[in-house]
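Visitor: Sharing a model prediction with you, sequence too.
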Amino acid sequence: MAHAHTHDAAHDHHDDHGPAKGIGRWLFATNHKDIGTMYMLFSLLMFFIGGAMALVIRAELFQPGMQLVDPMFFNQMTTMHALIMIFGAVMPAFVGLANWMIPLQVGAPDMALPRMNNFSFWILPFAFTMLLGTLFVPGGGPAGGWTMYPPLSQQLGDGFPMLIFAVHLMGASSIMGAINVIVTIMNMRAPGMSLLKMPIFVWTWLITAYLLIAVMPVLAGAVTMLLTDHYFGTTFFEAAGGGDPVMFQHIFWFFGHPEVYIMILPAFGIVSEIIPTFSRKPLFGYDAMVYATASIAFLSFIVWAHHMFTVGMPLAGQMFFMLATMLIAVPTGVKVFNWTATMFKGSISFEPPMLFAISFLFLFTIGGFSGLMLAIVPADFQYHDTYFVVAHFHYVLVPGAVFSLMAAAYYWLPKWTGHMYNMKLAKAHFWLSTIFVNVLFFPQHFLGLAGMPRRIPDYSTQFADWNMISSIGAFGFGLSQLLFAYIVFACIRGGEKATDKVWDSGRPHGLEWTLSSPPPYHSFETAPEVK
């Protein structure tokens with residue numbers, strides 16, 4: 001175990017021509033650890049850029065009236081904030097974790113397709129440079145919301161084709177990353193590691209990778225049709241030419257709903273690694289967790305039109321999508337109860353990864369319950385396009401996806417760097433984040449129920465108080481993340497040496513901290529004997 005740890009902390013470099021030096025090490029990286037590191041640092045940068053855009057939005061909404069930005073720029077900020085946070089911050093961070101951890105957890109020497117791995121990363125800086133570049137061309141950036149609904153999304157200037165191309169590039173990167181994950185898991189597991197002996201994090205990523213391959217081409221098709229409508233005289237979404245703008249919504253959400261599960265399933269995997277470790281117990285109901293993940297993935301394909309209850313769908317369609325959506329609560333509930341059962345009677349210690357995991361458990365569940373409220377058709381007629389929806393999906397994505405990423409960073413940083421980080425600062429970061437994320441998003445439920453619409457730069461005065469509180473929460477949460485960046489970079493630079501049993505806290509019966517989800521009959525740290 002000690003040997004394995006020091007080996008992980010060192011970045012081995014096996015290239016065709018010996019190890020590359022300096023910047024070449026990163027440009028031509030084929031090592032899964034280096035590529036994972038680049039993904040995660042890139043996503044951290046995008047997290048701050050997307051976060052700055054969110055703060056522009058919340059600063060404008062601090063008071064009623066138009067004070068800081070013109071309405072068009074406000075709409076560009078809401079659109080870009082979403083695109084950057086989804087495709088630039090959350091997804092690359094999960095792919096970075098997959099790159100780092102999957103080979104280590106299945107006992108593979110590297111990812112299966114190292115050159116493609118390099119390519120799938122280096123597409124991203126170009127895609128996001130182009131996306132951000134739309135803000136500087138005539139006609140400005142995309143302002144029709146991240147969903148790019150026509151005909152609104154067609155009212156763009158020269159930024160439109162740049163947006164479409166950027167989305168294509170992000171999709172290509174995701175598909176390549178997903179292929180790599182599947183081939184690595186299927187072909188490169190250690191002898192004796194059957195599928196149902198894999199760590200849960202590996203399982204959630206395997207299922208996520210299939211989702212990515214299934215839905216990314218659908219998004220590509222949707223935006224390509226937008227492009228041809230705009231420049232080549234087709235009328236896919238133009239009623240005047242026999243097309244239908246609502247068809248875009250169907251195609252988009254057939255991608256968009258599985259996409260939100262792509263952003264949460266790896267988070268489930270991370271939490272399923274952390275909770276058993278800090279409860280000093282194996283995960284409760286391992287097989288059930290695997291089947292629940294697969295059920296969620298399957299159901300995510302048949303609920304897409306719950307985003308569209310107000311378009312004038314037939315009653316049968318409304319009923320089907322309402323019931324199918326409620327069904328997703330079942331496997332998700334199985335997971336929440338299993339995590340809780342894992343902690344039950346455990347010998348729990350509250351280090352930063354566990355704090356974030358427990359916070360995830362509570363706050364993600366709030367997002368789940370508000371999702372059930374939105375699934376009810378007659379209620380959704382009222383909630384639709386209000387701040388209630390904004391509150392719902394931010395409770396799923398911020399304390400859900402983002403908190404799990406922070407938990408993962410705090411959990412695995414000692415393994416990645418060989419150093420410990422400052423525990424006191426990490427706990428301070430946790431408490432600041434958890435308090436402010438609730439100050440930021442909880443009042444938005446009240447605003448939405450009172451009827452405040454989303455995506456507006458100005459609002460009626462009765463919404464002023466909760467908006468002010470929400471904006472204060474936003475700045476508190478945003479500034480707290482500077483502490484996270486500081487902790488991570490300080491840990492990379494150095495610090496107290498991490499031991500090979502870093503999360504044992506001196507307890508005699510602590511579990512091995514690297515592999516916690518299946519009760520291992522051996523830990524796969526050394527290759528088993530092949531009979």
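Guide: Looks like it arrived, so ask away.
Visitor: who are the neighbours in contact with residue 425?
Guide: Residue 425 makes contact with 483, 486, 487 under the criterion Cβ atoms under 8 Å, 6 or more residues apart in numbering. From N, CA and C alone the C-beta is placed, and that goes for glycine too.
Visitor: what do you get for residue 424?
Guide: For residue 424, the contact set (Cβ under 8 Å, 6+ apart) is empty.
Visitor: Check it and give its pLDDT.
Guide: Listed pLDDT for residue 424 reads 96.
Visitor: what helix or strand does it sit in?
Guide: Secondary structure assignment for residue 424, by DSSP states H and E: helix 423-449.
Visitor: With adjacent residues omitted, what lies nearest to residue 327?
Guide: What sits nearest to residue 327 in space, not counting adjacent residues and going by Cβ to Cβ, 6 or more residues apart in numbering, is residue 299, at 5.9 Å.
Visitor: quick one: that neighbour is in a strand?
Guide: No: Residue 299 is assigned helix when assessed by DSSP: H, G, I helix; E, B strand; the rest coil, not a strand.
Visitor: for residue 386, phi and psi?
Guide: Phi and psi for residue 386, reported as degrees, to the nearest 10, are phi -110, psi 180.
Visitor: scratch that, residue 419 is what I was asking about
Guide: Main-chain torsions, residue 419, degrees, to the nearest 10: phi -120, psi 150.
Visitor: ok, now which ones touch it?
Guide: Neighbours of residue 419 in contact, by Cβ under 8 Å, 6+ apart: 413, 491, 492, 494, 495, 496, 497, 498.
Visitor: List the beta-bridge partners for it.
Guide: For residue 419, the beta-bridge partners under DSSP bridges are residue 497.
Visitor: thinking again about what came up before, name the residues of the helix holding residue 424 that come out as buried.
Guide: Of the residues in helix 423-449, 426, 429-430, 432-434, 436-448 count as buried by neighbour count, 16 or more other Cβ atoms under 10 Å.
Visitor: Centre of the chain to it, how far?
Guide: 18 Å (Cα atoms, centre = their mean, to the nearest Å).
Visitor: now stretch 451-465
Guide: Relative to the centre of its chain, stretch 451-465 is centred 28 Å away, using Cα atoms, centre = their mean.
Visitor: what does it rub up against?
Guide: 60-61, 63-66, 69, 71, 74-75, 78, 145, 385-387, 389-390, 447, 450, 467.
Visitor: Filter the residues you listed down to just the buried residues.
Guide: The neighbour count (16+ other Cβ under 10 Å) marks 60-61, 69, 74-75, 78, 145, 386-387, 389-390, 447, 467 as buried among these.
Visitor: out of these, who's nearest residue 368?
Guide: residue 389 (14.3 Å; Cβ to Cβ).
Visitor: Could you confirm that closest one falls within a helix?
Guide: Yes: Residue 389: assigned to a helix according to three-state DSSP.
Visitor: Give the next helix or strand downstream of the helix or strand harbouring residue 320.
Guide: Counting by DSSP H and E, the element that carries residue 320 is helix 315-327. The helix or strand immediately downstream of helix 315-327 is helix 329-343, counting by DSSP H and E.
Visitor: Would you tell me what the next helix or strand after that next one is?
Guide: Counting by DSSP H and E, what follows helix 329-343 is helix 352-375.
Visitor: other SSEs contacting that following helix?
Guide: Using 3 or more Cβ pairs under 8 Å, 6 or more residues apart in numbering; DSSP states H and E as the contact test, the elements touching helix 352-375 are helix 265-279, helix 315-327, helix 329-343, helix 377-383, helix 387-396, helix 403-417, helix 423-449.
Visitor: how about 6 Å then?
Guide: helix 265-279, helix 315-327, helix 329-343, helix 387-396, helix 403-417, helix 423-449 (3 or more Cβ pairs under 6 Å, 6 or more residues apart in numbering; DSSP states H and E).
Visitor: right, so of these, which gets closest to residue 42?
Guide: Of all the helices and strands packed on helix 352-375, helix 403-417 sits nearest to residue 42, with 13.1 Å by Cβ to Cβ.
Visitor: Give me the number of neighbouring residues for residue 288.
Guide: Neighbourhood size, residue 288 [other Cβ atoms under 10 Å]: 15.
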